[in-house]
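A.B. asks: quick one, structure for this:
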Amino acid sequence: MSTPQWHEDWFPELRDERPWVMEEMIDSEPPLAARIASNKKLGQTAARIAKKIVEAHDAGTSISVVGCGTSEHGARAVAVQLDEALGHRGVRVAGRQALEAAIDPAPAGVTIGISHDNGTRATMLALKAAREAGQTTALITANNEGGCSEFADIVLVTPEKDKSWCHTVGYVSPMVAGAVIAAHVAGKDLDAAALEQHLDECRGLKPQASEIAKNFRDIDRLIVVGGGYDRITADELVLKVEEGLHLPSAARDLETFTHGHLPACDEKTGLVVVATEHHGRARRTDRGRLLLRAARHVGMPSAAILVPAVEGSWGRELTNAGRMILPHAAKLTPTTSALTASAMALQVLTLELVHDRGTYPDLIRREQAPWREAAAILEGTEEW
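C.D. replies: Numbering: from 1, shown residues only. A predicted model of the protein is given here:
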């Protein structure tokens with residue numbers, strides 16, 4: 001493909017056929033996760049961050065993880081892993097949207113920013129506000145140079161930059177870095193080999209994802225539902241679908257969806273229910289089964305991303321569009337196992353949807369002038 005005039009050097013590589021860059025990024029994630037988990041220098045930095053987190057927890061001060069877009073979802077995934085490592089007691093670790101954290105910083109404690117490129121302005125402002133409020137600040141990034149570093153006391157650099165703007169590595173990398181920090185908080189080891197094998201098994205779910213994509217071929221919008229930390233997965237899947245397919249989508253909490261949203265849904269509305277959260281599993285499983293029954297009654301094509309513990313409780317007739325059954329990694333914590341598996345599953349599903357619909361994911365529609373110009377409006381100023 002010849003390079004058009006609008007394509008700049010820092011844009012993703014422009015391709016006119018598969019494999020898309022996003023596809024190569026997904027395939028790189030299992031060994032990348034192992035590199036992050038086993039890197040000694042990264043582990044030393046993670047230990048420094050973990051020490052500050054434990055000190056803040058013992059002092060009863062705030063602990064926040066902040067970001068924007070995919071990095072916000074990564075931040076929330078880091079937060080729940082840290083909370084698990086701290087025993088779900090005392091001060092709870094909060095995953096926050098960076099702009100809101102910049103507007104309302106806590107007076108003491110720790111704020112960890114997630115910015116894959118180290119330049120997200122809202123995240124930079126959140127770290128700046130946290131430092132000015134007297135907090136210790138840290139940054140997880142794939143770029144060791146950038147504006148966010150200026151306001152971070154500790155910078156943890158992951159080893160690979162995402163080369164597609166439909167970010168996948170940009171989600172998994174901070175999540176795994178968070179698992180490394182959480183392991184130090186808990187005084188345990190993170191098994192790099194088990195993590196790599198786990199993600200590789202999840203990457204093998206492409207046939208199930210392809211089935212769902214075919215059964216979603218005629219939908220004109222998508223709803224993704226999840227409770228607990230499954231809501232993080234739901235939010236990230238919605239973002240990938242809107243970036244890669246340009247298909248209007250929305251994420252809902254498991255219980256929230258049952259209160260008034262169903263009248264807007266019909267046979268043109270696809271549904272994905274995510275069910276991997278281990279806390280309160282029995283109650284969420286029961287509620288999810290009722291939701292799927294209601295969705296079937298109004299004709300919604302329905303699919304699920306779920307774990308074996310839930311599979312037997314939901315009849316196949318409830319997921320007429322298909323299901324992706326995630327493996328469990330016994331050597332990982334329940335939260336890390338579920339979140340990393342769900343990350344791979346949602347990315348593989350997005351990719352199969354992209355293939356089925358024939359869209360181009362890597363430039364998230366900026367190969368088209370109106371969307372490129374709209375992005376410039378949002379990103380081209382530092383006046384806020």
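A.B. asks: where do the strands sit along the stretch 201-350 of the chain?
C.D. replies: With strands called from DSSP state E, counting those that start in this stretch, the stretch 201-350 of the chain shows them at 221-226, 249-253, 269-275, 302-306, 322-325.
A.B. asks: number of residues surrounding the nearest residue to residue 175 once chain neighbours are set aside?
C.D. replies: With sequence-adjacent residues excluded and distances taken as C-beta to C-beta, 6 or more residues apart in numbering, residue 175 is closest to residue 77, at 4.6 Å. Where you see a C-beta, it was placed from the backbone N, CA and C, and this is true even at glycine. Residue 77 is flanked by 31 other residues according to other C-beta atoms under 10 Å.
A.B. asks: and the helix or strand in which residue 77 is found, how far from the chain's centre?
C.D. replies: Assigned by DSSP states H and E, residue 77 falls within helix 70-85. Distance, stretch centre to chain centre, for helix 70-85: 9 Å (C-alpha atoms, centre = their mean, to the nearest Å).
A.B. asks: please export the C-alpha coordinates of the next helix or strand after that helix as PDB.
C.D. replies: Counting by DSSP H and E, the next helix or strand C-terminal to helix 70-85 is strand 94-97. What follows is strand 94-97, C-alpha atoms only, in PDB (Å, rounded to 0.1, in the frame of the first residue of the first chain):
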ATOM      1  CA  ALA A  94      -9.800   2.500  44.000                       C
ATOM      2  CA  GLY A  95      -9.600   2.400  40.200                       C
ATOM      3  CA  ARG A  96     -10.400   5.900  39.000                       C
ATOM      4  CA  GLN A  97     -10.900   7.800  35.800                       C
END
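A.B. asks: for strand 94-97, packing partners?
C.D. replies: When contacts are defined as 3 or more C-beta pairs under 8 Å, 6 or more residues apart in numbering; DSSP states H and E, strand 94-97 packs onto strand 62-67, helix 70-85.
A.B. asks: could you dump the strands of the stretch 201-350 of the chain to JSON lines with distance to residue 148, mean neighbour count and mean pLDDT?
C.D. replies: Output for the strands of the stretch 201-350 of the chain, formatted as JSON lines (distance: least, C-beta to C-beta, whole Å; neighbours: other C-beta atoms under 10 Å; pLDDT from 0 to 100):
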{"stretch": "strand 221-226", "distance to residue 148": "29", "mean neighbour count": "24", "mean pLDDT": "98"}
{"stretch": "strand 249-253", "distance to residue 148": "26", "mean neighbour count": "19", "mean pLDDT": "98"}
{"stretch": "strand 269-275", "distance to residue 148": "30", "mean neighbour count": "28", "mean pLDDT": "98"}
{"stretch": "strand 302-306", "distance to residue 148": "32", "mean neighbour count": "27", "mean pLDDT": "98"}
{"stretch": "strand 322-325", "distance to residue 148": "34", "mean neighbour count": "22", "mean pLDDT": "98"}
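A.B. asks: reformat these as CSV; add distance to residue 195.
C.D. replies: As requested, the strands of the stretch 201-350 of the chain are exported to CSV (distance: least, C-beta to C-beta, whole Å):
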stretch, distance to residue 195
strand 221-226, 22
strand 249-253, 26
strand 269-275, 20
strand 302-306, 19
strand 322-325, 19
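A.B. asks: to residue 375, which of the ones you listed lies closest?
C.D. replies: With C-beta to C-beta as the criterion, residue 375 lies closest to strand 249-253 of those, at 19.0 Å.
A.B. asks: give me the angle between that closest one and strand 221-226.
C.D. replies: Going by axes from the mean of the first three to the mean of the last three C-alpha atoms, to 10 degrees, strand 249-253 is angled at 20 degrees with respect to strand 221-226.
A.B. asks: direction included, what does strand 249-253 pair against?
C.D. replies: Here strand 249-253 is paired, per DSSP bridges, with strand 221-226 (parallel).
A.B. asks: could you give the angle of the partner strand to strand 302-306?
C.D. replies: Using the same axes, to 10 degrees: strand 221-226 against strand 302-306 is 30 degrees.
A.B. asks: distance from the chain centre to strand 221-226, please.
C.D. replies: Relative to its chain's centre, strand 221-226 lies at 15 Å (C-alpha atoms, centre = their mean).
A.B. asks: next, the angle from that strand to strand 269-275.
C.D. replies: Using the same axes, to 10 degrees, strand 221-226 lies at 20 degrees relative to strand 269-275.
A.B. asks: only C-alpha atoms, please: export strand 221-226 in PDB.
C.D. replies: The C-alpha trace of strand 221-226 is given here as PDB (Å, rounded to 0.1, in the frame of the first residue of the first chain):
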ATOM      1  CA  ARG A 221     -25.600  -2.700  18.400                       C
ATOM      2  CA  LEU A 222     -24.100  -4.700  21.300                       C
ATOM      3  CA  ILE A 223     -24.700  -4.800  25.000                       C
ATOM      4  CA  VAL A 224     -22.000  -6.300  27.300                       C
ATOM      5  CA  VAL A 225     -23.000  -7.100  30.900                       C
ATOM      6  CA  GLY A 226     -20.800  -8.100  33.900                       C
END
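A.B. asks: just the residues contacting that strand, thanks.
C.D. replies: With C-beta atoms under 8 Å, 6 or more residues apart in numbering as the test, strand 221-226 has contacts from 216, 232-235, 237-238, 241, 247-254, 257, 261, 265, 268-275, 277, 288, 291.
A.B. asks: surely residue 128 meets residue 105?
C.D. replies: No: using C-beta atoms under 8 Å, residue 128 is not in contact with residue 105, being 9.1 Å away.
A.B. asks: looking at those two, which is more packed in?
C.D. replies: More neighbours surround residue 105 than the other of residue 128 and residue 105, with 25 against 19 (other C-beta under 10 Å).
A.B. asks: quick one: contacts for the more buried one?
C.D. replies: Taking C-beta under 8 Å, 6+ apart, one finds 111, 126, 129-130, 132-133, 135 in contact with residue 105.
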